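*Asks:* just the structure for this:
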Amino acid sequence: MTTLPDPTPSDRPAAAPSPAGPLDHGPVENRPVEHGPVATLAADVAAMVRFYSRLPVPRCGPADDPAAMPDFARAVRMLPLAALPIALPAALALAALGLTNLPALAIAGLALAVGLIATGVFHEDGLADIADGFGGGATVARKLEIMKDSRIGAFGGAALVLALLVKASLYAGFVAPSGAAGLAEGGRAAAAALVLVGLAPISRVLPLYLFRALPPARADGLGRSVGVPGRATLGVATGLAVGIALGLAGPILGARASRPPSSPARLRPPGSASSPSARSAARPATCSAPGSRSPRSRC
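*Replies:* Numbering: from 1, shown residues only. Down below sits the predicted model:
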């Protein structure tokens, strides 16, 4: 069997010119894949939901990578939309439990528990770390060391108790009969759920301004690796958050703010002319005279 020698470079056929011309990036597997705007927006929403919650989110299109860390320089523009499904479990629990005869504080506590399960206690864990670090550390290095410790201290525990107490009180204030005047129990529960969902985007977007204004605490921390959102990205996120809040929670909060104050009649002294006892005393005594045809003739 005879083996033919390899052709010399001059004998080899010339390669066909690439149709991409000077913009060719080499082999197909090395070329950057570009996705449409809809696919990119859907991937950003899915990435934000995964980062801020424990909700199971399947892969949403070709631009979505469930295992990748979200790019905060771009993806946070869709954070207001991602905040809606994150707040939805607690809102549904608040609306459903509001139809029961449970006390308002019990309803608020159960709805708050559902919300903590949905988020994986994400924000509360960070709050406890910050409280322990700034409460127990005297230097920057010591603060960072305490915040990196997974154990919770006295400052963190106190901060958690106070934060959850205030949050539960706000929930209960909307479910209680005085929280939404003029509405039945079902209406109050629905109003509380709408307010909870409507304000969720605002609560997620506001910390982004601190994220942009302050430098990362550690040079090798997560805050430096995920990217910093630009002004245009923050503007889109803020506009979406304000629009959602005005559309869902604005009418309810506006109606509550414009509600007239309760009548101060109970503060009037007992002898005043408008009190029930004074009005009954001012009425003339009437009786039915014998043989009178009118049952209200005076004596």
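*Asks:* okay, helices next: where are they in the stretch 101-250 of the chain?
*Replies:* 104-119, 122-136, 140-148, 154-175, 185-213, 222-225, 231-248, 250-257 (DSSP state H, counting those that start in this stretch).
*Asks:* out of these, nearest to residue 39?
*Replies:* helix 231-248 (17.4 Å; CB to CB). No exception for glycine: its C-beta is placed from N, CA and C like everyone else's.
*Asks:* okay, now the unreliable bits of the protein?
*Replies:* The model of the chain has pLDDT under 70 over residues 1-35, 177-186, 254-299.
*Asks:* and residue 92, which of the three is it?
*Replies:* helix (DSSP: H, G, I helix; E, B strand; the rest coil).
*Asks:* could you count how many residues lie near it?
*Replies:* 15 (other CB atoms under 10 Å).
*Asks:* how many residues are close by residue 210?
*Replies:* If we define neighbours as other CB under 10 Å, then residue 210 has 8 of them.
*Asks:* what of residue 112?
*Replies:* Residues near residue 112, counting by other CB under 10 Å, number 19.
*Asks:* residue contacts, it?
*Replies:* 90, 164, 167, 168, 171 (CB atoms under 8 Å, 6 or more residues apart in numbering).
*Asks:* scan those and report the most crowded one.
*Replies:* residue 171 (26 neighbours).
*Asks:* help me confirm that it comes into contact with residue 94.
*Replies:* Yes - Residue 171 is within contact range of residue 94, at 6.5 Å (criterion: CB atoms under 8 Å).
*Asks:* overlap of the contact sets of those two?
*Replies:* Common contact partners of residue 171 and residue 94 (CB under 8 Å, 6+ apart): 107, 108, 111, 192, 196.
*Asks:* residue 140: which of the residues you listed is nearest?
*Replies:* residue 196 (36.8 Å).
*Asks:* as CSV, the contacts of residue 112 with distance to residue 63 would be great.
*Replies:* Converted to CSV, the contacts of residue 112 look like this (distance: CB to CB, whole Å):
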residue, distance to residue 63
90, 29
164, 37
167, 35
168, 39
171, 37
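*Asks:* for the residues you listed, work out which two are farthest apart.
*Replies:* Of all pairs drawn from the contacts of residue 112, the one with the longest distance (CB to CB) is 90 and 164, at 12.8 Å.
*Asks:* burial count for the nearest residue to residue 253 once chain neighbours are set aside?
*Replies:* Among residues not flanking residue 253 along the chain, residue 195 sits closest, at 6.6 Å (CB to CB, 6 or more residues apart in numbering). Neighbour count for residue 195, taken as other CB under 10 Å: 25.
*Asks:* please tell me how far residue 195 sits from residue 218.
*Replies:* The spacing between residue 195 and residue 218, counted by CB to CB, to the nearest Å, is 37 Å.
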